[in-house]
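Asker: sequence and predicted structure below; questions after.
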Amino acid sequence: MKTEDVKLIDAKGIRLDGRKIDELRPIKIESGVLHRADGSCYLEWGGNKVFAAVYGPREAIPRHTQNPLRAIVNAKYNMAAFSVEDRKRPGPDRRSREISKVISEALEKVILTEQFPRSMIDVAIEVLDAEAGTRCAGLTAAGVALADAGIPMIDIPVGCAAGKIGGKVVLDLGKEEDNFGDADVPLGISPRTGEIILLQMDGHLTFDEFNTALDYAIEGCNKVSKLQKEALLRKYDTIKEGK
Ligand code: CDP
């Protein structure tokens, strides 16, 4: 099938899965789901299923990795072999190393790392089912898991992508939209300050399209941020009520 054969959006602006241009896929977030980790999160975002688990802060090992002034943040993004249509070869590859790096850097911008010199904070992100937008889903889940672990942060980081399909800028690309679309712009922000902590782009956009995509993605991030907070409050209420 050729890219131009796929009609991703109709004349009324309705997408393949029935969404409007500025509509998110359904999202479900649960915090504190893994009992061995210091903090954790399970997130479903459209067809994505992602776990995030936080360990630390603890003494950084090997010792030569220690920074005397602050903690180091090691996010590790991994896709399960069964998470995609063609079985993925297990283990790290270029893509997962790239995503681990951009998520680690995004988290370092919000965590108060200077409070934990010589320490490390590990964040494991495991993608069990992948359907486009997993780095944003991973960053969002990591944010909840870090808050659940009680790690001091200036804000709970959140991610959401926008992109372009069939000549239109849209929010939160799904699988076919990612495969056959024109551009994808994953964004991570610190919602309280609005600071951009992750920004990538795949494909081509004009300057105006890019600005629209950025506005959509920020709006998306703010909506997802509310769901993150609700998930954390739900766990807190459960503990308070002794359930
Ligand atoms: O997941 P995200 O959009 O952040 O990253 P991507 O590199 O743009 O990948 C888009 C999608 O392609 C993933 O979410 C998977 O659904 C799919 N993919 C795949 O099928 N096999 C891979 N080895 C990697 C990605």
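Answerer: Yep, that arrived. Residues are numbered from 1 along each chain as shown.

Asker: would it be right to say that residue 210 lies in a helix?
Answerer: Yes. Per DSSP: H, G, I helix; E, B strand; the rest coil, residue 210 lies within a helix segment.

Asker: test my guess that it contacts residue 184.
Answerer: No. Using Cβ atoms under 8 Å, residue 210 is not in contact with residue 184, being 11.9 Å away. The way it works is simple: take the backbone N, C-alpha and C, and place the C-beta from them, glycine included.

Asker: shared neighbours of those two, anything?
Answerer: Residues touching both residue 210 and residue 184 by Cβ atoms under 8 Å, 6 or more residues apart in numbering: residue 201.

Asker: the more surrounded of the two?
Answerer: Remark: of residue 210 and residue 184, residue 184 carries more neighbours, 21 against 17, as counted by other Cβ atoms under 10 Å.

Asker: and the contacts of the strand or helix carrying the more buried one?
Answerer: Per DSSP states H and E: residue 184 is located in strand 183-190. With Cβ under 8 Å, 6+ apart as the test, strand 183-190 has contacts from 103, 106, 109-110, 133, 135-136, 139, 154-155, 157-164, 173, 178, 195-205, 209-210, 213-214, 217-218, 221.

Asker: likewise stretch 46-53?
Answerer: In contact with stretch 46-53 (Cβ under 8 Å, 6+ apart) are residues 25-27, 33-34, 37, 39-44, 123-134, 137-138, 141-142, 144-145, 172, 174-175.

Asker: among the residues you listed, which are within reach of the ligand?
Answerer: Contacts with the ligand within the contacts of stretch 46-53, as defined by Cβ under 6 Å from any ligand atom: 130-134, 175.

Asker: re earlier: after the strand holding residue 184, which helix or strand is next?
Answerer: strand 195-199.
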